[in-house]
Every structure is written in C-alpha cells, then in structure tokens.
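Colleague: Turn this into a structure:
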Amino acid sequence: MGRRAERETGRSLFDDHDLQAKYPTRATGFAEALINMGYWDPLSCHFYKLYEPPPGISSWTKLRLGWLDSGKVRVVDRNQDAEVVLGPLEDGAAATLAIKIPLDESTFYLIENRQPIGRFDSHLPGKGVLIMYGDDRVAECRWGRAPVKLMNANSSVPYLQGAAFDLPGKANFRDEKNNIEITLLEKKGHSYKIRIRKLR
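Modeller: As a prediction, this is how the structure comes out:
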C-alpha cells in the first residue's frame, strides 16, 4: 500500500486492519493496533512520538522496496550453525545489515540491528536486535496474520516497545518448533556478534 493510499484510508501497512477499525485514532487508542511491528517502522506507526520524526524503515520494508543491497544480507541455512557480526541497519558501511534464515519456501526469520544513530533511526522506541518472522503467503494484516511480525523480547512493555533483544539479559531467542536458537554473544560498538544454531 502506498503512502497516498495510507493517508486516504488511514491504514498503515503493518498494523492490524481489524483492530485499527476498532481503534481508528490516537484518542481512541490507536496503539492497540500495533501488534506486528509496533513503533519500529513508519509503515506501522507513522511516528513514535508526536511532533518528532518517524522511526527508520525496517529491513523487511527496505528489502521489499529494493533499498537494501542483497550483498549486505547474510542468508543462513537453518540446519547449519553460524556466527555473524551484524552492523546497525542505519550504518551503510557495515558488511552485514540483515540476516535471513529461510524456514521453507514462504517463511523465514529476518534479523536486524537497530541503534539510535544516523538520520532516520534517531527516533526509536529502544535499541538492540530485532527478530522478525516473515510469511510471504500473507498479503495483509488481517485476522491476526501478517506478512511480517516481531518476536517480542519483553512482552511486559506495551506495543512492542521492548521487542529488541540486547545484552545483558535479553540475549536469547528459541524456536523449538523450527529447531532454531538465536543468541547475542557480544556487542562491539554498535555491532553484535550473533550465533544461529540448530537445536540438538
């Protein structure tokens, strides 16, 4: 959906359209519809704080728009262990800006590092590593389904504001159904060393 269409319909790409019909405005609790990407992409929230610029665009959106060099995306086989140094998404000079882990022909994990740096990511709800579950079979956010959804590192923080994994304390994500573990091993500057391994 383009920006013009979003303005005309009032919809964002990643908020749940059914919930947005129930909570259409800021006054009626619009944030209740931010169940997929929260405040981490302007196509979800438009802005994080009123009268401040929007957050930067996620790697999922950048890939869809062709704004992220495929050479900066490390594809990791779900059945092989790997360690990857992941630079901030806003740092174009970093060797790796996103990690993709295909699960099958349609679904995958996409990992990015969001830091409050640069022109666009200075206005984020937090900082750290975002892990997204993508499903190319889903066309829009309806009925609890979405083409991309954040895995939430801290569900006690509302509206996915605590979704980022970080060191110390929120360093590990496990998906036992798909036998995958993603672990933040260390942080150097704004970059993270991340291990992806198959659960034994």
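Colleague: K100: what's it in contact with?
Modeller: Counting by CB atoms under 8 Å, 6 or more residues apart in numbering, K100 touches 73-76, 108-111. Yep, even glycine has a C-beta here, placed from its N, CA and C like the rest.
Colleague: ok, 10 Å please
Modeller: 59-60, 63, 70, 73-76, 108-111, 132, 134 (CB atoms under 10 Å, 6 or more residues apart in numbering).
Colleague: swap in G169?
Modeller: With CB under 10 Å, 6+ apart, G169 has these contacts: 153-154.
Colleague: Quick check: it vs A163, distance?
Modeller: 14 Å (CB to CB, to the nearest Å).
Colleague: before we move on, what about A93?
Modeller: 26 Å.
Colleague: From T107, how far out is the nearest residue to L65 once chain neighbours are set aside?
Modeller: Nearest non-adjacent residue to L65, counting by CB to CB, 6 or more residues apart in numbering: I57, 7.8 Å away. Applying CB to CB, the value for I57 to T107 is 22 Å.
Colleague: who's more crowded, these two?
Modeller: I57 (20 against 15; other CB atoms under 10 Å).
Colleague: so which helix or strand takes in the more buried one?
Modeller: In the assignment (DSSP states H and E), I57 maps to no helix and no strand.
Colleague: For it, list the residues it contacts.
Modeller: Per CB under 10 Å, 6+ apart, neighbours of I57: 40-43, 64-65, 67-68, 89-90, 120-121.
Colleague: Neighbour count, secondary structure and distance to T183 added to those, as TSV?
Modeller: Listed next are the contacts of I57 as TSV, based on neighbours: other CB atoms under 10 Å; DSSP: H, G, I helix; E, B strand; the rest coil; distance: CB to CB, whole Å:
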residue	neighbour count	secondary structure	distance to T183
W40	30	coil	21
D41	28	coil	25
P42	24	helix	30
L43	21	helix	29
R64	15	helix	28
L65	9	helix	30
W67	10	coil	29
L68	21	coil	24
L89	25	coil	20
E90	22	coil	23
F120	15	coil	28
D121	20	coil	23
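Colleague: one step back: from the contacts of K100, which is closest to V157?
Modeller: Closest to V157 out of the contacts of K100 is M132 (17.3 Å), distances taken as CB to CB.
Colleague: just to revisit the earlier point, tell me the spacing between the residue nearest to L65 and I196.
Modeller: Taking CB to CB, one finds I57 at 24 Å from I196.
Colleague: same question, V84
Modeller: V84 is 7 Å from I196, by CB to CB.
Colleague: Need the residues touching each of these two.
Modeller: Joint contacts of V84 and I196 (CB under 10 Å, 6+ apart) are 74, 76, 99, 111.
Colleague: So what's the residue count around G144?
Modeller: 11.
Colleague: sec struct for G71, please.
Modeller: helix (DSSP: H, G, I helix; E, B strand; the rest coil).
Colleague: For D69, which residues are in contact?
Modeller: Here D69 is in contact with 62-63, 92, 97-98 (CB under 10 Å, 6+ apart).
Colleague: ranges for the helices of the protein?
Modeller: 3-9, 17-22, 42-45, 59-65 (DSSP state H).
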